[in-house]
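[1] The sequence and its predicted three-dimensional model are supplied below.
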Amino acid sequence: MSFWSGSDSGGQDDVLEFGRDRSARRRRRTRLLLGCIVLAAVLLAVIKMTDRQAPGARHQPAEGNNLASRPPPVRVIPVGHHLLGVKAGWQLFARGPDDLLRVEFAEGRIIWTYVPPLNASSPVVAFVVGAREAIIQPGGIAPGYVVPDGGQARALRGPLSAGGPVVPGPRGTQAVWALTGPVSEPKLSLITLSGRRAGPSITVPPGSPQVLSTAVSDGRGDVLLTTENDADFDAGPRWDHFEPGTIIAVGSATWLTEVCDTGQPCHYVVINAVNGARRILPAVATQSPYYFTWPPAGVIAPDGRTAAVAGYGSSGATTVHLINLRTGVAEDLGFPLAESGVSARGTMAWSPDGRWLFAATASGKILAIDPRTGRARSLGITLPKVTQLAIRT
């Protein structure tokens, strides 16, 4: 199961002002996104309390999202050859404003499914790909959807239907972490698509600064959390660990942080996600080049040697950067990423073999980037605009 949770651009880019105090702008952008997440969590809790007070009530999808009318049929686009020469069975999923694409490279075809537009109150949208379906869930109180392979989108039911974070659980569980419990004692519970509890819960002690509604995947089945003061934590059932610095990229075995101590040059630190071992990279990190908003936008290659991050390019746009995780040297590839001014998370995804880095560009196209050369290819077919990517292995 792979995961994306980031902003839903809706085709609009914010106009950014670039000046000397980038750290102040990062804090404002972080506060904006965290404010949206916290507000959505409060509204979600109020709705759940209303449900308990009025057991007969049921949430109905917004009129614009009603699936009662007949949606367009699922389209199968045969390409006639192995896309990008890939013969392995992994697939790329891409989501746009009202479309879901499943790119089957080995079969040489693309499955195109209509998904009703989200009436989301939060810019954060969870995009989770399971073994036989994809989940699209807004961070606010708007309804989300599950899209089974080969089938039409249908509204989420049960505990997953009221919005909030949706994060992949441990491998093999086919369950997700979802926000449950009363507003006074929230928790993240493992929930299956059928709505059943599937394991223990993640909680934080009363008064702790961690915000459970900010949960995103830590790459190995637990969650990463942040606070209103930009402190990052890795958390699971019965434990949570503070991670010094700012997490800017996540992989299945490692994370990349940038640490900027007062009066000292910034530097990159690679963290072993299993044992917490930290390795400082030799190169000095460029001051404040990357998005420090939540959630982190970067993704680490399967072999752990390279991180792809969203950074400021020479033109001021948000572009694809590659960081060598042995030296710390960063390279701006210059490809503009889709983003809404609060996060570029979900715009990049690595193929399981690390041969390709896929990126959703500012124009809504899918690029296949060769990390060895820094050059990009298209899939060679006209597709609808996309903003989010995920891989199924």
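    Okay, I see it. Residues are numbered from 1 along each chain as shown.
[2] Can you list the low-confidence ranges for the stretch 101-250 of the chain?
    Residues of the stretch 101-250 of the chain that meet the criterion pLDDT under 70 lie in 120-123, 140.
[3] Can you name the residues that contact the nearest residue to residue 100 once chain neighbours are set aside?
    The shortest distance from residue 100 to any non-neighbouring residue, by Cβ to Cβ, 6 or more residues apart in numbering, is to residue 113 (4.6 Å). C-beta coordinates here come from the backbone N, C-alpha and C atoms, glycine included. Neighbouring residues of residue 113 by Cβ atoms under 8 Å, 6 or more residues apart in numbering: 74, 75, 99, 100, 101, 102, 147, 151, 152, 153.
[4] following the helix or strand in which the fourth one is found, which helix or strand comes up?
    Assigned by DSSP states H and E, residue 100 falls within strand 99-104. Heading C-terminal from strand 99-104, the first helix or strand you meet, by DSSP H and E, is strand 109-114.
[5] Counting by contacts, list what the helix or strand that that next one is followed by packs against.
    Toward the C-terminus, strand 109-114 is succeeded by strand 124-129 as the next helix or strand (DSSP H and E). Using 3 or more Cβ pairs under 8 Å, 6 or more residues apart in numbering; DSSP states H and E as the contact test, the elements touching strand 124-129 are strand 2-7, helix 22-53, strand 91-95, strand 133-138, strand 166-168, strand 388-392.
[6] so how far is strand 124-129 off the chain centroid?
    Centre-to-centre, strand 124-129 and its host chain are 6 Å apart (Cα atoms, centre = their mean, to the nearest Å).
[7] and if you look at stretch 260-279?
    That offset, for stretch 260-279, works out to 22 Å (Cα atoms, centre = their mean).
[8] who's in contact with it?
    Residues contacting stretch 260-279 (Cβ under 8 Å, 6+ apart): 218-220, 234, 241, 243-246, 251-259, 280-281, 283-288, 323, 325, 328.
[9] In that stretch, which residues are buried?
    Of the residues in stretch 260-279, 260, 266, 267, 268, 269, 270, 271, 273 count as buried by neighbour count, 16 or more other Cβ atoms under 10 Å.
[10] ok, of the residues you listed, which one's closest to residue 80?
    Nearest to residue 80 among the buried residues of stretch 260-279, counting by Cβ to Cβ, is residue 273 at 40.8 Å.
[11] Can you give me the pLDDT of the closest one?
    Reported pLDDT at residue 273 in the predicted model: 92.
[12] Tell me how far it lies from residue 202.
    16 Å (Cβ to Cβ, to the nearest Å).
[13] Also residue 306?
    30 Å.
[14] Spit out the contact partners of residue 218.
    224, 234, 250, 255, 273.
[15] Relative to residue 199, how far out is it?
    16 Å.
[16] swap in residue 391?
    For residue 391, the distance to residue 199 - Cβ to Cβ - is 24 Å.
[17] Compare neighbour counts for these two and give me the winner.
    Legend: neighbour count by other Cβ atoms under 10 Å for residue 391 and residue 199, higher for residue 391 (20 against 14).
[18] List the contacts of the nearest residue to residue 269 once chain neighbours are set aside.
    In this structure, residue 269 finds its nearest non-sequential neighbour in residue 257, 4.9 Å apart by Cβ to Cβ, 6+ apart. Contact partners of residue 257, counting by Cβ under 8 Å, 6+ apart, are 232, 243, 244, 245, 246, 247, 248, 268, 269, 271.
[19] And the buried ones among those, selectable in PyMOL?
    Under the burial definition 16+ other Cβ under 10 Å, those of the contacts of residue 257 that qualify are selected in PyMOL by:
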select buried, resi 232+243+245+246+247+248+268+269+271
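[20] No further queries at this time; thank you.
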